[in-house]
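> here is my input, please return the structure:
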Amino acid sequence: MTRLHLPFVLLIACLTAVSVQAATRDGATVYEEVCAACHDAGTARTPARDVLAALAPARIVTALETGSMRVIGNFSLSGPERIAVAEHLTGKKYDANWADTGANKCSPSDWPTGNPLSEPNWNGWGNGLENARYQAAAAAGMSAADIPRLRLKWAFAFPGETFVESQPTVAGGRIFLGSPSGLVYALDAKSGCTHWTFPAAAPVKAPVTIALLDNGRYGVFFGDQSGRVYSLDAATGELRWKAVGDDHPSARVTGGVQVFEGRVYVPMASLEEAFAMDPNYRCCVFRGSILAYDIETGERRWKQYTIEQEPNQQSKDTHGKPMVGPSGASVWSAITIDRERRRIYAGTGDNYSNPPTDSSDSILAFDLETGERLWAYQGLSGDAWNVGCMAVPKINCPAGAGPDEDMGASPILVTGDDGRPVVLATQKSGVAHAIDPLDGGKLIWREKFARGGLQGGFQWGQATDGKVLFASKSDTRWLSDSSISADSRFDPNVGGGLVAVEILTGKLLWEAPPVDCSGRERCSPSQSSAVSAIGDAVFSASQSGEMRAFNAATGVEIWRYDTLREFETVNGARGRGGAIDQAGPVAVDGMLYFLSGYAKFSGSAGNVLLAFELPEE
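Residues are numbered from 1 along each chain as shown. Take a look at the predicted model:
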């Protein structure tokens, strides 16, 4: 997937093809024959059985019908079998109408009363086309001096979930975000009440983006885990249009979309590298891509693959089994738009099969109007890898595989003191890169700041104030030799840390230490979730469940909040905080918002959106 930080799966039941029996199997039989080999093994990308047991039955059925396990659910199981295994795992009866509790609905109101994008907001993944993940103190309504006074105002729970991923978008006094159940929410930013919900066809991992429409109204744009792309009316949640971004069974949108000059730009990734765990699967044919849609009609304007060659070249895996390629180079995160030079910059993951390409683990530049590829900067060549390489013995693992070191995070576009543009990119190898977009992606500097590894190095996203790059280190390790083991556990003594790097030279300015896991269960100091720079402060969370803020000039910690506990929630659903991964915090108009709960890779389960305020003096 590369992005072990990524993506990952909601339910990766065993990827072994099992034909539907003439007689319907009971839930226990379905689990043993189809699911147990993966879920009982505890692979890093597979939720353990106790995690599945905490879900609502309808949540599991949805995953098997339209979500990340739809291939298994629709081709290996009948409808009654999907329900039977869900009831078997959870010990609860299936309710087809399971959804949000419906509690704490907002009073009807006209929205917006003005231009929500001219007021303080955080729109999409990187809070701008450049993906700087920066919010000025005036828009945030807080500075480093204020942050120690932050206190919890309210908590919102996503019913029945064990992890949360969709980073909040805040505009016009509303919060917009998706959920693993597929429900997209519009909440009130001050109180947490619910204005509307929309049921997408599959889980929504990516953040949403708000944009002005031709009719003067505002639209919500996002993709889901089945590769579909949506536009909703931001005021009502009504569907405007829906498109199929990629028809490959494993296609998914994990990154936020960008909207610019009447077009919606969508990054496309896939779960095919996990499908490679099936010995009968012919690996691999999916290629990452970027798609451009008309903002009003949803008509596709162009689609450009990250790999130009169609997969037809034969190769062999580590055991001599035939494979096909090239494949992979998924675009896991939001693309970056260079409006002045009319270009798109995108980060890519590894190849899933041989032959390796010149576009994997890379930053690619495309023409904004046509999608034509302009240049490529490759952080690591020869990196062909899939999840089958983690199996014992290996399955569908390319000869000479690894090491799975994506450049999956969104590139950051900044302008140096000399007026020249710089593209900043980070990698799972622990290397940060600065490249020159005016000179065909020529390297300016390259420095290694973290150990790197399958879930190491720099992962979901970094931030900059235009002078300094703030990058958090993951470097997750497990107590066993492999993350594929029954009841795998984090190494509580390895990982984490935050570095500040001068963007023009790559010079390390300061480094803040990781958290201490002493006395905490299922704890890792890993800091793989996205960093956010808020005025003169930097926020970075850890798998331990703690959110911390640092002085941007010195790296001194100025605030910490431990989310690993139960919360009373505004919508009445049971809420608990847990590990924090993927999405970063956002600050708007005196409020700070972030998610807690990430039952993947051995992390602690949780399901809350937390909102903090600055109390009056």
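
> quick one, strands of the stretch 51-200 of the chain?
Secondary structure of the stretch 51-200 of the chain (DSSP state E, counting those that start in this stretch): strands at 134-135, 151-157, 169-171, 174-177, 183-188, 194-199.

> show me which residues of the longest one are buried.
So the one you mean is strand 151-157. Residues of strand 151-157 classed as buried: 153-157 (neighbour count, 16 or more other CB atoms under 10 Å). C-betas here are computed from N, CA, C, even on glycine.

> would JSON lines of those residues with distance to residue 403 be doable?
Shown next, in JSON lines, are these (distance: CB to CB, whole Å):
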{"residue": "153", "distance to residue 403": "43"}
{"residue": "154", "distance to residue 403": "43"}
{"residue": "155", "distance to residue 403": "39"}
{"residue": "156", "distance to residue 403": "39"}
{"residue": "157", "distance to residue 403": "38"}
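
> most widely separated two among the residues you listed?
153 and 157 (14.9 Å; CB to CB).

> related to what we said a few turns ago, and the buried residues of strand 151-157, which is closest to residue 331?
Using CB to CB, those come closest to residue 331 at residue 156, 29.9 Å.

> is the closest one in a bridge, and if so with what?
On the basis of DSSP bridges, residue 156 is bridged to residue 609.

> surely it and residue 193 touch.
No - contact criterion CB atoms under 8 Å: residue 156 and residue 193 do not qualify, at 9.3 Å.

> please enumerate the shared neighbours of the two.
187, 570 (CB atoms under 8 Å, 6 or more residues apart in numbering).

> which elements pack onto the top helix by length along the chain?
Using DSSP state H, we find that the single longest helix of the chain is helix 79-90. Under the contact criterion of 3 or more CB pairs under 8 Å, 6 or more residues apart in numbering; DSSP states H and E, helix 79-90 touches helix 27-30, helix 49-53, helix 57-65.

> mind telling me which of those the model trusts least?
Mean pLDDT is lowest for helix 57-65 out of those, coming in at a mean of 78.

> ok so, going back, flag every buried residue along the longest helix of the chain.
81-90.

> can you list those in JSON lines and add pLDDT and distance to residue 390?
Below are the buried residues of helix 79-90 laid out as JSON lines (pLDDT from 0 to 100; distance: CB to CB, whole Å):
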{"residue": "81", "pLDDT": "78", "distance to residue 390": "28"}
{"residue": "82", "pLDDT": "79", "distance to residue 390": "27"}
{"residue": "83", "pLDDT": "81", "distance to residue 390": "31"}
{"residue": "84", "pLDDT": "86", "distance to residue 390": "29"}
{"residue": "85", "pLDDT": "89", "distance to residue 390": "24"}
{"residue": "86", "pLDDT": "88", "distance to residue 390": "27"}
{"residue": "87", "pLDDT": "90", "distance to residue 390": "30"}
{"residue": "88", "pLDDT": "92", "distance to residue 390": "27"}
{"residue": "89", "pLDDT": "90", "distance to residue 390": "24"}
{"residue": "90", "pLDDT": "89", "distance to residue 390": "27"}
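
> turn those into CSV, columns for distance to residue 378.
Shown next, in CSV, are the buried residues of helix 79-90 (distance: CB to CB, whole Å):
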residue, distance to residue 378
81, 45
82, 42
83, 47
84, 48
85, 43
86, 44
87, 49
88, 47
89, 43
90, 45
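
> tell me the most buried of the helices and strands packed on helix 79-90?
helix 57-65 (a mean of 25; mean count of other CB atoms under 10 Å).

> and that one, what does it pack onto?
helix 70-75, helix 79-90.

> let's see 6 Å
Applying 3 or more CB pairs under 6 Å, 6 or more residues apart in numbering; DSSP states H and E, one finds that helix 57-65 contacts helix 79-90.

> between the helix it packs on and helix 57-65, how many degrees?
Angle of helix 79-90 versus helix 57-65, following axes from the mean of the first three to the mean of the last three CA atoms, to 10 degrees, is 130 degrees.

> and helix 79-90, how far from the chain's centre?
28 Å (CA atoms, centre = their mean, to the nearest Å).

> what of stretch 235-255?
Taking mean C-alpha positions (CA atoms, centre = their mean), stretch 235-255 and its chain are 16 Å apart.

> try stretch 579-589
Averaging C-alpha positions (CA atoms, centre = their mean) puts stretch 579-589 12 Å from its chain's average.

> and the contacts of that stretch?
By CB atoms under 6 Å, 6 or more residues apart in numbering, the residues outside stretch 579-589 that reach it are 120, 122, 135, 140-141, 165, 167-168, 170, 460, 528-530, 532, 534, 539, 541, 543, 545, 592-596, 598, 603-604.

> coming back round to it: which of the strands of the stretch 51-200 of the chain sits closest to residue 440?
strand 134-135 (27.1 Å).

> what comes into contact with the closest one?
127, 463, 465, 533-534, 587.

> again, but for stretch 419-428
345, 363, 379, 405-407, 409, 411-416, 432-435, 437, 457-458, 462, 469, 471.

> and that stretch, what's buried?
421-428.

> average pLDDT across it?
On average, stretch 419-428 scores 96.

> and it, how far out from the chain's middle?
20 Å.

> show the end-to-end separation of that stretch, please.
29 Å (CA to CA, to the nearest Å).

> work out for me the element the nearest residue to residue 125 once chain neighbours are set aside sits within.
Nearest residue to residue 125, sequence neighbours excluded (CB to CB, 6 or more residues apart in numbering): residue 256, at 3.5 Å. Using DSSP states H and E, residue 256 falls within no helix or strand.

> didn't residue 256 look like it was pressed against residue 204?
No - judged on CB atoms under 6 Å, residue 256 makes no contact with residue 204 at a distance of 10.8 Å.

> any idea what the closest residue to residue 340 other than its chain neighbours is bridged to?
Leaving out its chain neighbours, the residue that sits closest to residue 340 by CB to CB, 6+ apart is residue 421, at 7.8 Å. Beta bridges link residue 421 to residue 415 when assigned by DSSP bridges.

> count the neighbours of residue 511 for me.
Residue 511 has 13 neighbours, counted by other CB atoms under 10 Å.

> the nearest residue to it once chain neighbours are set aside sits in which helix or strand?
Sequence neighbours aside, residue 499 is the residue nearest to residue 511 in space, at 4.9 Å (criterion: CB to CB, 6+ apart). Take DSSP H and E as the rule and residue 499 turns out to sit in strand 498-502.

> residue 333 now?
Applying DSSP H and E, one finds residue 333 in no helix or strand.

> cool, the one 4 residues further on as well?
Assigned by DSSP H and E, residue 337 falls within strand 336-338.

> in JSON lines: the helices and strands packed on helix 79-90, plus distance to residue 181.
Shown next, in JSON lines, are those (distance: least, CB to CB, whole Å):
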{"stretch": "helix 27-30", "distance to residue 181": "21"}
{"stretch": "helix 49-53", "distance to residue 181": "14"}
{"stretch": "helix 57-65", "distance to residue 181": "6"}
